[in-house]
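>>> coordinates only, no sequence provided:
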């Protein structure tokens, strides 16, 4: 029950579990004892939440790098697609091999489609990773707020 109440404050499940376990480990009957127990638990919670933030930053950085790679691949595919269109137009105008130019355009169309989907997925991954980092930092703000009466 305590864990659910702590999670409802906005703490991550891992951080809430650390706090709930530490607080539940020493029973308290009065409000002062509860505050004292929570204050004793908060250093472990801060360490846990710092780990959550560090992992969220790592995930965000990895997602950002992955998006950069996907963007570069999409740029290359876009360039190849434009070249294939120009190649087909040139073949039609100048009596070249239209079948070959069409086949090249079809491959380029497939490639740009795949690269676009990859780019959109990596964009979503970065959004999610950034949101997770924002939430982790917001949770640290909650924890810092819980620490205020402890000093």
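Done, it's in. Only a predicted model underlies this, so the values are computations on that prediction, with no experimental measurement involved.

>>> quick one: the strands in the chain, in order.
Along the chain, counting by DSSP state E, no stretch forms strands.

>>> tell me which helix or strand in it has the weakest average pLDDT.
helix 2-8 (a mean of 51; mean pLDDT, DSSP states H and E).

>>> show me the contacts for the residue nearest to the spatial centre of the chain.
Ranked by distance to the mean C-alpha position of the chain (CA atoms, centre = their mean), the top residue is residue 129 at 1.1 Å. Residues counted as contacts of residue 129 (CB atoms under 8 Å, 6 or more residues apart in numbering) are 56, 59, 60, 62, 63, 64. No exception for glycine: its C-beta is placed from N, CA and C like everyone else's.

>>> how about the closest residue to residue 118 other than its chain neighbours, what does it touch?
Nearest residue to residue 118 in three dimensions, chain neighbours excluded: residue 70, at 5.0 Å (CB to CB, 6 or more residues apart in numbering). Residue 70 sits next to 115, 118, 119, 121, 122, 123 when contact means CB under 8 Å, 6+ apart.

>>> nearest to residue 90 among these?
Among the contacts of residue 70, residue 115 lies closest to residue 90 (CB to CB), at 23.8 Å.

>>> any idea of the pLDDT on the closest residue to that closest one other than its chain neighbours?
Nearest non-adjacent residue to residue 115, counting by CB to CB, 6+ apart: residue 77, 4.1 Å away. Per-residue pLDDT puts residue 77 at 98.

>>> now swap in residue 19 and tell me
Reading off the model, residue 19 has pLDDT 60.

>>> ok, which stretches of the protein are helices?
Assignment of helices within the chain using DSSP state H yields the ranges 2-8, 13-25, 31-94, 98-147.

>>> any idea which of those helices is most buried?
Across these, averaging neighbours per residue (mean count of other CB atoms under 10 Å) puts helix 13-25 on top, at a mean of 18.

>>> my guess is residue 73 meets residue 118, correct?
Yes: contact criterion CB atoms under 8 Å: residue 73 and residue 118 qualify, at 6.9 Å.
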